[in-house]
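Participant: pasting the structure only:
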C-alpha cells in the first residue's frame, strides 16, 4: 500500500504545520491536524500505511428534492447511527480505533473486543479499514445517546482499503460483513430516485423520528457521494443535551438545528393537529431551559459547569491514556478521574468533564461584568 | 461649537475610508461609517457642527452584582424604551433626526412635529442634541413594538451639546425637558447601591417584565457610564419577532437572548411553580416555531420572505427618500413601495421588506442543496 509521493505529502504537511507526531503504546504514527488536499484532517500515516481521514458527509434539508436533484441512479438507505466516528485498523497485529481527528482512542481501542469480532475480520482483510459509529451511554465523548443501547455498541458503515479513500459499495460491504460478527448500521435497502419511492422513504423517516433515531445516510449504488438527512426530533435532543454549553458552543449549533427541525417537520408532515405543535414547542423550549438551568445550578453549587459520566474499560493502564487523550483533544474541557472500581472483569471509571469556557462565562455573568453587543 | 482639529479628523476619516458624504433635502453632511477614536460610528459633521455618535451601552447579566460592583454612588433608573435610537438636532433652522448610523431618517424627521414640541426646545437650546427612542408599530425599522402604543411615540433619554459627548445629568435633563412638551422615558427615580434598594429595583423589573417592557437603564448620578439590564420575557418577544430571519441573523442573536432570559428569570425569581416554567418553555419554543413557519409559508406562497408594514407620513416627497434610505442602509433587505393613500392629513404608506438572504436560503434548502457543517 505505498502511496504515490507519500514522503512529499509528509514534508509539505510538516512545512505547513499540520503534521503531528503521535504515539500509543509504542505505536508511532503521524496525524494530519488539518486538511491538505486529499489528505483530509484526521488522516493517519503509520510507516508506509495511510488511513485516510473520513470525509464529511453533505447534508440535505429537503429529502425529495435533495434526492431527485443529486441522484439519477439506484441508491441505498441506511440508518445514521448517533455516536462518534472511528476507523478501525490492524497495524502490525494490533487492532486500533482512530477518532475522526486521527488520534488512537484508548477507550475505543480497549473495548474493540466487546464491539465485534475484528480479529477474524482483519486476519482475512489485513489491508482494510472499517469505519463505524460507536453508540451508547458508556462513551467518553457524547452526552446524548439514543435510547435502547446499554453501555456501548459499534455499527460499521463503511469499508475501504488502506491507502485509498474509495469505499466498497453498500452491497459489497453487506456481503463481506455478514460473514463476520461485526454489527452494521441498519440498511433499509435499495431505492430508486422516484417520487413514489421517496414517499416510502418518508414513512421510514417518520418511524425513525418517532423512535428517536438520528436519520438516514443515502448512498448511491455507484460513486461515493453520500449524503444525509436527519429526523426532526433529533434536533430537539441535540439542543437538550447541549444547552448547558450554550455559552461556549458556536451559536449556529442551535439555530441550524431549529431550521433543520422546521424544514423536516414540514416535509414529513409530522404535525397533524394544533395540539401536537404545542407539545413540540414545549419540548423545544424545555430543551433550552433544562440544559442551561442544570449548568447554572451546577455552577452555583460547585463553582463549575461539568458533566460527570461513567464507562467501563478492560485495561487499567489505558484509563490514564484516555484522560490524557481527552485533555489533549480539547483546550476548553478539562477531564479528570473521579473514581476507578473493579466491576467483574472490567474497570468502572467515573470521569468529570469541566467545561472551562462555560464556567468562565457563568463566573463573569454572575459577578456582574459588562457586556457589549 | 468648533471642535479642536476637526479638519484633521475629517482628513484621517477620509483616508481610512470611514467618511461618507450625505445629503438630505439640500442639507449636506458627513457621516462616520465606523469608529475613529472618539468619533464613534454614526458621528455626523455638518459645517463646523459635530453630532457625536451615540455610544453603546454596556449590559449587565446580573442586576445585583452588576450594580454593586460598578457603582459606589447614587444612580437613576429609567425604563429602557424599545424602538430605534435617534439624535434630534436643529441645523440652520431645520430640525432633523439622525439614526444611530448617522443618516438623516426621512421618516422620523418627517414625523418629528407629531412626536414632541422640538421647535420650542431648539429655539431655546439651539446647540443641544436630544437623544431618544422612537417606539411603536408605525415605524420602518422594527417588527416588534411594545404593547400600548399606537402609531409611534418619542421618548427622550439624553441631552448633550453639539460637539460634546458629555450628557446632562439625569436630574438636569428631567428639569429641562419638563418645561417642554417632549416626552421622556419613565424614570423610577434615585437609588443607592445597597442590597435593600436593589430588592426594590427587582420588584420594578418584575412588573416591567409582566407588562412586556424591555428593561431598565442605570445612570450613575455622576459620570456617564450607563448600563442596561433587560427583563426575561422581552427575550422571548425578540426571538418571536426575529425567528423568520433565523437563517440570516447572527446566530448569537438567539442564543444570547436565551442566556439573558435564563439568568434574569433566576435572579428575579420569576418562576414560582413548575407549571409556570412549562408555560415559559412553550412560549419560547413557539417563538422559534411561529416565526420560521411564517417565513416558510411566505416563501412557498410568494417565493420570498417578507415583512409588509404600514406607516404614516406628512410629506409625499419624503416617501421616496425613505425607501431610498432603507435600501441604502442594508444590502440584504430590499424595500419596495406597495401603496400610498391619503389618510386625513397624512399619507398612509405600505412598504414591503424583502429579506434577500432568507429568501436565498429557503430557495437553496428547498431545492435540495448540499450543506456541509
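Facilitator: Okay, I see it. Since we're looking at a predicted model, the values are computed, not measured.

Participant: and the angle from the helix or strand residue A:258 falls within to helix B:252-268?
Facilitator: Assigned by DSSP states H and E, residue A:258 belongs to helix A:252-268. Helix A:252-268 runs at 110 degrees relative to helix B:252-268, counting by axes from the mean of the first three to the mean of the last three C-alpha atoms, to 10 degrees.

Participant: what about helix A:252-268, average pLDDT?
Facilitator: When pLDDT is averaged over helix A:252-268, the result is 98.

Participant: give the contact list for the nearest residue to residue A:281 once chain neighbours are set aside.
Facilitator: Using C-beta to C-beta, 6 or more residues apart in numbering or on different chains and skipping residues adjacent in sequence, the residue nearest residue A:281 is residue B:285, 3.2 Å away. Any C-beta I mention is one placed from the backbone N, CA and C, and that applies to glycine too. Counting by C-beta atoms under 8 Å, 6 or more residues apart in numbering or on different chains, residue B:285 touches A:280-286.

Participant: can we see that at 10 Å?
Facilitator: If you count contacts by C-beta atoms under 10 Å, 6 or more residues apart in numbering or on different chains, residue B:285 has them with A:236, A:258, A:277-289, B:236, B:239.

Participant: Next, the residue most central in space within chain A: phi, psi?
Facilitator: Among the residues of chain A, the one closest to the centroid is residue A:84, at 2.6 Å (C-alpha atoms, centre = their mean). Note on residue A:84: its backbone torsions stand at phi -130, psi 150 [degrees, to the nearest 10].

Participant: and stretch A:243-257, how far from the chain's centre?
Facilitator: Put simply, stretch A:243-257 sits 17 Å off its chain's centre (C-alpha atoms, centre = their mean, to the nearest Å).

Participant: could you check whether it is close to chain B?
Facilitator: Yes. Stretch A:243-257 reaches chain B (C-beta under 10 Å from any C-beta of the partner chain) through A:243, A:246-247, A:249-256.

Participant: Equivalent analysis for stretch A:69-87, please.
Facilitator: Yes. Using C-beta under 10 Å from any C-beta, stretch A:69-87 reaches chain B at A:69-70.

Participant: now that stretch: mean pLDDT?
Facilitator: Rounded mean pLDDT across stretch A:69-87 is 96.

Participant: Each with direction, which strands does the helix or strand residue A:340 falls within pair with?
Facilitator: Secondary structure assignment for residue A:340, by DSSP H and E: strand A:333-343. Applying DSSP bridges to the sheet, strand A:333-343 is found paired with strand A:346-355 (antiparallel).

Participant: Average pLDDT for the partner strand, rounded please.
Facilitator: 98.

Participant: got the buried residues for the following helix or strand past it?
Facilitator: Using DSSP H and E, the next helix or strand after strand A:346-355 towards the C-terminus is helix A:356-367. Counting neighbours by 16 or more other C-beta atoms under 10 Å in any protein chain shown, one finds that the buried residues in helix A:356-367 are A:356-359, A:361-362, A:365-366.

Participant: Stretch A:192-211 too?
Facilitator: Neighbour-count burial for stretch A:192-211 [16+ other C-beta under 10 Å]: A:193, A:197-198, A:201, A:204-205, A:208-209.

Participant: among the residues you listed, which are in helices?
Facilitator: Using DSSP state H, A:197-198, A:201, A:204-205, A:208-209 are the members of the buried residues of stretch A:192-211 that sit in helices.

Participant: Near chain B, which residues of the stretch 101-250 of chain A are found?
Facilitator: Residues of the stretch 101-250 of chain A lying near chain B (C-beta under 10 Å from any C-beta): A:225, A:227-229, A:236, A:243, A:246-247, A:249-250.

Participant: just the buried members of those?
Facilitator: A:227-229, A:236, A:243, A:246-247, A:249.

Participant: How about the contacts made by residue A:21?
Facilitator: For residue A:21, counting by C-beta under 10 Å, 6+ apart, the contacting residues are A:14, A:28-31.

Participant: ok, the nearest residue to residue A:292 once chain neighbours are set aside - how many residues close by?
Facilitator: Excluding the flanking residues, the one nearest residue A:292 by C-beta to C-beta, 6+ apart is residue B:262, at 4.5 Å. Using other C-beta atoms under 10 Å in any protein chain shown, residue B:262 has 23 other residues around it.

Participant: contacting residues around residue B:262?
Facilitator: A:243, A:246, A:288-289, A:291-293, A:295-296, B:61, B:232, B:235, B:284.

Participant: One more: residue A:160?
Facilitator: Residue A:160 touches A:51-52, A:54, A:87, A:128-131, A:166-168, A:173, A:224, counting by C-beta under 10 Å, 6+ apart.

Participant: Tell me the bridge partners for the residue nearest to the centre of chain A.
Facilitator: Applying DSSP bridges, one finds that residue A:84 bridges with residue A:134.
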